[in-house]
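Enquirer: sequence and predicted structure, then a few things I'm wondering about:
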Amino acid sequence: MRNYFGNKRAIAAFALPALLLYTLVVAYPVAQSLYRSFFDWDGLGAGTFTGLSNYVKLIDDPLLLTSLKNGGIFALVLVVFQIGLGTVLALACADAKIKGRKILKVGYFIPVVLSVTVVCQLWIAIYDPTNGLINRLFQMLGIPYQQNWLSSPTVSIIAIAFVNAWQYMGYQFSLLYAGVKSIPEQYMEAAIIDGCTKWAAHRKITIPLMVETYKFCFIVAITSGIGAFVQMLIITNGGPGTTNFTLTFMIFRYAFNEFEYGYACAVAVFLVALSLLATVIINRLFERERITY
Amino acid sequence: MPTRVNIGRLLLQGLLWFYFLISVYPLIWMVSYSLKNNDEIFVTNPFGLPFHFRIENYIHAWSQFSIPRYFVNSLVVSTISTAGILILAVMFSYAIARMVWKLRETARLYMIIGMFIPLQVIMVPLAILVRNLHLANTYGALIVPYIAFGLPFSSLVFYGFMRSIPVELEESACIDGASIYKTFFRIIVPIVLPAIATIAIFQYLGAWNEFLLAYILISDEALKTLPLGLLFFQGQYSTDWGGMGAVMTIASLPMVIIFMFFSDQVERAMTVGAAVKG
């Protein structure tokens, strides 16, 4: 059998195509980004080595603060909406006596399978100040509140983050729902026999036992906040002005509009480092909370 | 006591259906305004179903705009990418799940890392790479990166699946004189088929909806995929809401239909992703 499974030619035939393609298109560009972040490079010639100056420049870049703030708000909206509300919905939906569960789950998940362009354009229409769904709804209900959702510098970032939160709610919901379902029902039954109310039992038993699920959900929500881009691009093109800029927007603009490829690579490296840091911190925080029964 | 419990459950039921409405109503609104004219959308009937269906919005969208073009591009790119991912990932995962070689653990870890690499860090060098390989403005500019990005996740799922297959099957095939290739194609591939189906749906969906790379790598009008092409209407036809709605509905329909038929597989593929990454 050793010869059979150790057939060198077969191993090469099976493994090499994938490894080569992956190296060329994924691994090599990652190394390139890291390497080029130390260069003044326009993407064409060899460029000049400038050490850490791209990173020094980044710290002084006024767009960095805007981008970090927007990434933070974006992540916060995702956490509150998807994980907060998602948890309530998942717990409610897992209740044995709830009717129409299948339809509910499908309804929550449909936006996930749509193209992000369609979803963004739909929400541009919904946010439209005169004919949009939301302002019209306020009118119809007699609420004298109208908002310029997308052109107000303070509201627009939240409005845009909400589009992402709405679209991918179904994804986080199905993770949380699977998490709730994975906990043996005996724990709940025992708690209720001991006189615990259902919600108290969920708070004390179900949620603490879902550490692994929450860890993943938080990592997804927070790293998508840090890396947010497409919604800003399609809905307001980073505006008004540069108020809706994010780190990815910076990469994009410096590389493809101003041809400062080296600097763009530095921003990209910074973004990845920040995402990794967030992942490590989340892991640590949840590690401490781990409970085993 | 029993009445209180019922009120609680009623509230929960209410909450669940309320969010259902938030999740689904915008889509119903979109489909219904795709069948209205501007007068009906803006003035007479903004919320409800259309009074009479204006199918002409769809006929107009299909014949006037480049929708068929984008549609074909999306179809070609998604189909070839998905096929490529499946072939390469199944072969690679067989090599790391069964074959015996020195670097196989290294190769597996090397591939796993790919799942944690955000697109943003690759974006800039990839654009240059695609240009240098003379792939810019060809289907290859999308297909090659899509396949490469699909490999880590798919390989890991197949790897897990193959590890659970009893090795005796292959041993007896070997004793019966089948070559390793024959064993792979006749025994392993059929067993892995359910996982292949799940991954196929997942990757097809991903490729069909992919936006960021397409936006960076494709500028030729004739090669744009649907998500990219739709962006163009935003500026051009922003006053014709009915037409916009029709275009958006046409673009969404294939994925919604696939999801309706395979909702369990799609959700499973998604949650498998979480398990693999976590």
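Expert: Yep, that arrived. Owing to the predicted nature of the structure, the values given are computational and were not obtained by experimental measurement. Numbering: from 1, shown residues only, chains lettered A, B, ... in the order given.

Enquirer: going by C-alpha atoms from here, please, whenever you check contacts or count neighbours.
Expert: Fine.

Enquirer: residues near the residue in the stretch 51-200 of chain A positioned nearest to chain B, how many?
Expert: Closest residue of the stretch 51-200 of chain A to chain B, C-alpha to the nearest C-alpha: A:Ser115 (4.6 Å). A:Ser115 sits with 24 neighbouring residues when counted by other C-alpha atoms under 10 Å in any protein chain shown.

Enquirer: that one touches B:Asn209, doesn't it?
Expert: Yes: between A:Ser115 and B:Asn209 there is a contact under C-alpha atoms under 8 Å: 4.6 Å.

Enquirer: could you pull out the residues contacting both of the two?
Expert: The contact sets of A:Ser115 and B:Asn209 overlap at B:Pro227 (C-alpha atoms under 8 Å, 6 or more residues apart in numbering or on different chains).

Enquirer: which ones are touching the residue of the stretch 51-200 of chain A closest to chain B?
Expert: B:208-210, B:227, B:252.

Enquirer: filter those by proximity to chain A?
Expert: Contacts with chain A within the contacts of A:Ser115, as defined by C-alpha under 8 Å from any C-alpha of the partner chain: B:208-210, B:227, B:252.

Enquirer: just the pLDDT for the residue in the stretch 151-278 of chain B that chain A sits nearest to.
Expert: Of all residues in the stretch 151-278 of chain B, B:Asn209 sits closest to chain A, at 4.6 Å by C-alpha to the nearest C-alpha. The model reports B:Asn209 with a pLDDT of 91.

Enquirer: near chain A, which residues of the stretch 51-200 of chain B are found?
Expert: So the stretch 51-200 of chain B meets chain A at B:88-89, B:91-96, B:98-101, B:107, B:111, B:114, B:117-118, B:120-122, B:124-126, B:128, B:144-145, B:148-149, B:151, B:171, B:174, B:180-181 (C-alpha under 8 Å from any C-alpha).

Enquirer: show the buried residues in those.
Expert: Among these, those classed as buried by 16 or more other C-alpha atoms under 10 Å in any protein chain shown are B:88-89, B:91-96, B:98-100, B:111, B:114, B:117-118, B:120-122, B:124-126, B:128, B:144-145, B:148-149, B:151, B:171, B:174, B:180.

Enquirer: what residues of stretch B:259-268 count as buried?
Expert: Buried residues in stretch B:259-268, counting neighbours by 16+ other C-alpha under 10 Å, are found at B:259, B:263, B:265-268.

Enquirer: which members of these are positioned in helices?
Expert: Those of the buried residues of stretch B:259-268 mapping onto helices are B:259, B:263, B:265-268, per DSSP state H.

Enquirer: if we can go back for a sec, can you tell me which of the ones next to chain A among the contacts of A:Ser115 has the most neighbours?
Expert: B:Trp208 (28 neighbours).

Enquirer: show me the contacts for it.
Expert: A:115, B:74-75, B:77-78, B:226-227.

Enquirer: which one of these has the most neighbours?
Expert: Most neighbours among the contacts of B:Trp208, by other C-alpha under 10 Å: B:Leu226, with 31 neighbours.

Enquirer: contact residues of the stretch 101-250 of chain A facing chain B?
Expert: Contacts of the stretch 101-250 of chain A with chain B, taken as C-alpha under 8 Å from any C-alpha, map to A:104, A:106-108, A:110-111, A:113-118, A:121-122, A:126, A:131, A:133, A:166, A:171, A:174-175, A:178, A:212, A:215-216, A:227, A:230, A:234, A:248.

Enquirer: what do you get if the cut-off is 7 Å, keeping everything else the same?
Expert: Contacts of the stretch 101-250 of chain A with chain B, taken as C-alpha under 7 Å from any C-alpha of the partner chain, map to A:104, A:107-108, A:110, A:113-118, A:122, A:131, A:175, A:216, A:230, A:248.

Enquirer: what is the lowest-pLDDT residue among those?
Expert: In terms of pLDDT, A:Asn131 ranks lowest among those, with 81.

Enquirer: what sits closest to that one if chain neighbours are left out?
Expert: B:Phe42 (5.9 Å; C-alpha to C-alpha, 6 or more residues apart in numbering or on different chains).

Enquirer: my guess is that neighbour contacts A:Gly132. True?
Expert: No: counting by C-alpha atoms under 7 Å, B:Phe42 stays clear of A:Gly132, with 8.8 Å between them.

Enquirer: which parts of stretch A:184-191 are buried?
Expert: A:188, A:191.

Enquirer: least trustworthy helix or strand in chain B by mean pLDDT?
Expert: Least confident helix or strand, chain B: helix B:38-39 with a mean of 74, by mean pLDDT, DSSP states H and E.

Enquirer: correct me if wrong: A:Tyr127 contacts A:Ile134.
Expert: Yes: using C-alpha under 7 Å, A:Tyr127 is in contact with A:Ile134, at 6.3 Å.

Enquirer: between these two, point out the one with more neighbours.
Expert: Neighbours per residue, other C-alpha under 10 Å: of A:Tyr127 and A:Ile134, the larger number sits with A:Tyr127, 22 against 19.

Enquirer: if I look at the more buried one, how far off is A:Thr279?
Expert: Using C-alpha to C-alpha, to the nearest Å, we find A:Tyr127 at a distance of 33 Å from A:Thr279.

Enquirer: with A:Thr213 instead?
Expert: 14 Å.

Enquirer: now what about stretch A:233-253, what contacts it?
Expert: Stretch A:233-253 has contacts (C-alpha atoms under 7 Å, 6 or more residues apart in numbering or on different chains) with A:66-68, A:70-71, A:120, A:124, A:151, A:153, A:157, A:227-229, A:232, A:264, A:267-268, A:271, B:120.

Enquirer: select only the buried ones of the residues you listed in ChimeraX?
Expert: Listed next is the ChimeraX selection for buried residues among the contacts of stretch A:233-253, using 16+ other C-alpha under 10 Å:
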select /A:66,67,68,70,71,120,124,153,157,227,228,229,232,264,267,268,271 /B:120
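
Enquirer: which of the contacts of stretch A:233-253 fall within strands?
Expert: With strands taken from DSSP state E, there is no overlap with those.

Enquirer: quick one: which of the contacts of stretch A:233-253 sit in helices?
Expert: Those of these mapping onto helices are A:66-68, A:70-71, A:120, A:124, A:157, A:232, A:264, A:267-268, A:271, B:120, per DSSP H.

Enquirer: could you dump these to JSON lines with distance to A:Glu185?
Expert: Listed next are those as JSON lines, based on distance: C-alpha to C-alpha, whole Å:
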{"residue": "A:Thr66", "distance to A:Glu185": "47"}
{"residue": "A:Ser67", "distance to A:Glu185": "45"}
{"residue": "A:Leu68", "distance to A:Glu185": "42"}
{"residue": "A:Asn70", "distance to A:Glu185": "41"}
{"residue": "A:Gly71", "distance to A:Glu185": "39"}
{"residue": "A:Cys120", "distance to A:Glu185": "40"}
{"residue": "A:Ile124", "distance to A:Glu185": "44"}
{"residue": "A:Ile157", "distance to A:Glu185": "41"}
{"residue": "A:Met232", "distance to A:Glu185": "43"}
{"residue": "A:Ala264", "distance to A:Glu185": "51"}
{"residue": "A:Val267", "distance to A:Glu185": "48"}
{"residue": "A:Ala268", "distance to A:Glu185": "45"}
{"residue": "A:Leu271", "distance to A:Glu185": "42"}
{"residue": "B:Gln120", "distance to A:Glu185": "42"}
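
Enquirer: of these, closest to B:Asn38?
Expert: Distance to B:Asn38, by C-alpha to C-alpha, is smallest for A:Ile124 among the ones in helices among the contacts of stretch A:233-253, at 16.3 Å.

Enquirer: any idea how far the residue nearest to the closest one when sequence neighbours are not counted is from B:Gly206?
Expert: Excluding its sequence neighbours, the residue lying closest to A:Ile124 (C-alpha to C-alpha, 6+ apart) is A:Ile235, at 6.5 Å. As judged by C-alpha to C-alpha, A:Ile235 and B:Gly206 stand 21 Å apart.
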